[in-house]
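> Predicted model follows, preceded by the sequence.
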Amino acid sequence: MDIISQLSAELVAVLRTLFYALPYVFGYILLILAFSFIWQAVKRFVTPKHDYGSLKTVTFGDESAVTSNTVASVVSIVLIFVLWGAFTGSKILPSFMHAPGAFTGEGSFTYTVTTPDGQSDDATVTVVVYETGATVDAPEVDPGDGFAKNDSIALAAYRSGLLRVDENDEIGRDQDATITAINGVAIEPGGSVSTDFGRVELSGKGTPNVYPAKGVQMEPIWLPAPEAVWARLTEIATEGYRNSTLAEHLGFSLFRVIVGFILGAIVGIPLGYAMGLSNWFRGWFDPIVEFMRPVPPLALIPLVIIWAGIGEVGKIILLFLAALWIMAIAARSGVSGVRISKVHAAYSLGASKWQIMRYVIIPNSLPEIFTGARVAMGVCWGTVVAAELVAAEKGAGMMIMVASKFQSTDIVLMGIILIGVIGFTIDMLMRWAERWLVPWKGKG
Amino acid sequence: MSGLQIDNISMRFDLPNGSSVQALKDVSLDLKAGELLSVLGPSGCGKTTLLNIVAGFLAPTEGKIVLNGNTVHGPGAERGMVFQQGALFEWMSVRENVGFGPKMKGMAQGQKREIVDHLLDVVGLSDFKEKAVYELSGGMQQRVALARCLANEPDVILMDEPLGALDALTREKMQGLVLKLWKETGKTIILITHSVEEALLLGERLLVMAPRPGRIHKEYRLPFAEMGVDQDLRFVKKEPQFAEVREEILGMIWDMEEEIMGRKEGA
């Protein structure tokens, strides 16, 4: 019963988060629809188009009428960068497009101190909020007259601070003087008053807590601006990170993937052929392959580290295993997928067994093997990054893992983007090779 | 001894559940060189099994196949096969498909090229030599299959419903082409079909088979193939005798089908 209550508590937490996200999701959908309407209007205005598609009255449910709209893709990507820029105060966007940012600059508030015997005096606090990363000392201020003296405080953006205003006052808290008003508005401990720079709260003990407004932008420590990520990319590309250049990090990851994949294919394809052509081999390897296939390669990382350490050998063994089963299964189904009439035709044209292998079975299995290779490359790329997250001296995964420990969100983001770009490029190259090398795919 | 002897063939398949099916029982036939035989029968009468045995893809449980005095023990280049469809090699061009048999024999490039060019000319595909086979229509693909079979100079051509997947017009054109090739090359041809008309048009001899167990029900010797060689097939079909034999055979096959259905309902 305990586990059920734990799980239901988790579920409630997840649903609550989703619920809070709903307005944003709806907002995003509205944006999509708004851009769609704008594009429709522009298109009607620019090109009154009459093609086959425009003559269709039934397009809903007609799969052939649905193609990817390039404009939508471009707008979608641009919008991601615009939102990213707007909520990080990016310099690549004009400032009117920024979401309200954190307060920076100078503000002030006055507080009123009242002593138990009824005297009261006002003093001014100067608040300086500076950009994250700079260091600014609290300015010197003229103490002013009366028993309450003026104060000052310097805060980094997004930070708040308690200010012991009575420390320089002639009658302070130790004599039971209390703050009774901020900017002339009466206040009790625990209360809060809005000011020009944000708000001032009174702590339970009566000390003002200065909260400059945070706005709705993300702090760079959570989400750096696009140009910060770009700057980090150029910096790491030229100077390197952790004693290795960016090219070395990415090159090591790619090297592991390619070597692991090629080894997996060299062993996996003949294994698949043997399984497709011989009952004995199929019976022998079926249990092994069918058991190993559903084991995620990531689950093998600890074992591989125990056996082979964190060096290249361990990584390559892991990727070899990731590619092996996929390639073996692809080759097996490529062989067993050959139509018997093709084999019969080749036999009755006088082909020997070897010739049937060379001219019928191998070419017939190539499309399946290519599909397998595409899947295997994708899995290998994912696995190498994960393996480097666990332990590595170089590599894309290691780069972002180390960066995350130092809260270098810009490097983490940069790494994720590069990993995505490389994964996408690998898939595109595989597709291109497939079209070029096996044009008969799906035509049999 | 020339020609093809089908000598008392029986075929029994053992099923995984322990029972067995008698697909063919005591089928015997003597085919002279150059004869054109069409085989007709309801589904399940063992037509395709018989063809696969002649081709050497299956070994009969009893009996033997003798071609030109040699007993058949497996597939061979002297018995060419044309399948319904999907037996072309889509990773090869039209030229490579037709040249497959000569290539397997290790024939010299020039000689192979000559044969391929000639056969593609015969089937009317000279303009499509370098195309991929999947770029051709169904009828063209079957013409490639015919040319591929002929390139190997087989003694017997076995056709397993080669025109079954074609539309009516293309089918009629192809029937004319088969007759033309038969006459020009003088090959022995066994053609399996579902269509009574096709069997009449393309059968010097016509075999009607009966199911359960598969056996020869009746054999005809027909003049229509000879007539079709130099006449339009549509005129042949108008012959009074053509209609007569067609009705007779159709009635025969209907009776068999009804018997099968009746047995199934009874069981």
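Right, received. Where do you want to start? Not measured: the values here are computed from a predicted model.
> In chain B, what residue lies closest to chain A?
Distance from chain A to each residue of chain B (Cβ to the nearest Cβ) is smallest for B:A77, at 3.2 Å. C-beta: built from backbone N, CA, C; applies to glycine.
> Let me see the domain layout of the chain.
No chain was given, so I picked chain A. A:1-58, A:68-99, A:105-212, A:227-437 (automatic domain parsing).
> I was after chain B.
If you go by automatic domain parsing, chain B breaks into B:4-78+B:158-266, B:81-153.
> residue contacts, the spatially most central residue of chain B?
Note on chain B: the residue nearest the mean C-alpha position is B:M159, at 2.0 Å, using Cα atoms, centre = their mean. With contacts defined as Cβ atoms under 8 Å, 6 or more residues apart in numbering or on different chains, the neighbours of B:M159 are B:81-82, B:178, B:189-192.
> mind giving me JSON lines with the residues you listed and columns for neighbour count, secondary structure and pLDDT?
Below are those laid out as JSON lines (neighbours: other Cβ atoms under 10 Å in any protein chain shown; DSSP: H, G, I helix; E, B strand; the rest coil; pLDDT from 0 to 100):
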{"residue": "B:M81", "neighbour count": "29", "secondary structure": "strand", "pLDDT": "89"}
{"residue": "B:V82", "neighbour count": "25", "secondary structure": "strand", "pLDDT": "89"}
{"residue": "B:V178", "neighbour count": "24", "secondary structure": "helix", "pLDDT": "85"}
{"residue": "B:I189", "neighbour count": "26", "secondary structure": "strand", "pLDDT": "89"}
{"residue": "B:I190", "neighbour count": "28", "secondary structure": "strand", "pLDDT": "90"}
{"residue": "B:L191", "neighbour count": "26", "secondary structure": "strand", "pLDDT": "89"}
{"residue": "B:I192", "neighbour count": "23", "secondary structure": "strand", "pLDDT": "90"}
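> Any idea which residue of the stretch 201-350 of chain A lies closest to chain B?
Counting by Cβ to the nearest Cβ, the stretch 201-350 of chain A gets nearest to chain B through A:G350 (3.2 Å).
> Need phi/psi at that residue.
A:G350 adopts backbone torsions of phi 90, psi 20, taken as degrees, to the nearest 10.
> Parallel or antiparallel, list what pairs with the strand or helix carrying the residue nearest to the centre of chain B.
Using DSSP states H and E, B:M159 sits in strand B:156-160. Sheet pairing of strand B:156-160 (DSSP bridges) gives strand B:79-82 (parallel), strand B:188-192 (parallel).
> want to throw those strands into a markdown table with distance to A:V384?
Output for the strands paired with strand B:156-160, formatted as a markdown table (distance: least, Cβ to Cβ, whole Å):
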| stretch | distance to A:V384 |
| --- | --- |
| strand B:79-82 | 49 |
| strand B:188-192 | 56 |
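> which of the domains of chain B sits most buried?
Most buried of these, by mean neighbour count (mean count of other Cβ atoms under 10 Å in any protein chain shown): domain B:81-153, with a mean of 19.
> which regions of the chain sit below the pLDDT cut-off?
Let's take chain A. Chain A contains residues with pLDDT under 70 at A:48-50, A:53-54, A:444.
> wrong one, I was asking about chain B
For chain B, the ranges with pLDDT under 70 are B:1-2, B:263-267.
> on that earlier part again, check contacts around the residue of the stretch 201-350 of chain A closest to chain B.
By Cβ under 8 Å, 6+ apart, the residues touching A:G350 are B:76-77, B:101, B:104-105, B:152.
> just these now: which is nearest A:H98?
Of all these, A:H98 sits closest to B:M104, with 73.4 Å by Cβ to Cβ.
> Which of the three states applies to that closest one?
helix (DSSP: H, G, I helix; E, B strand; the rest coil).
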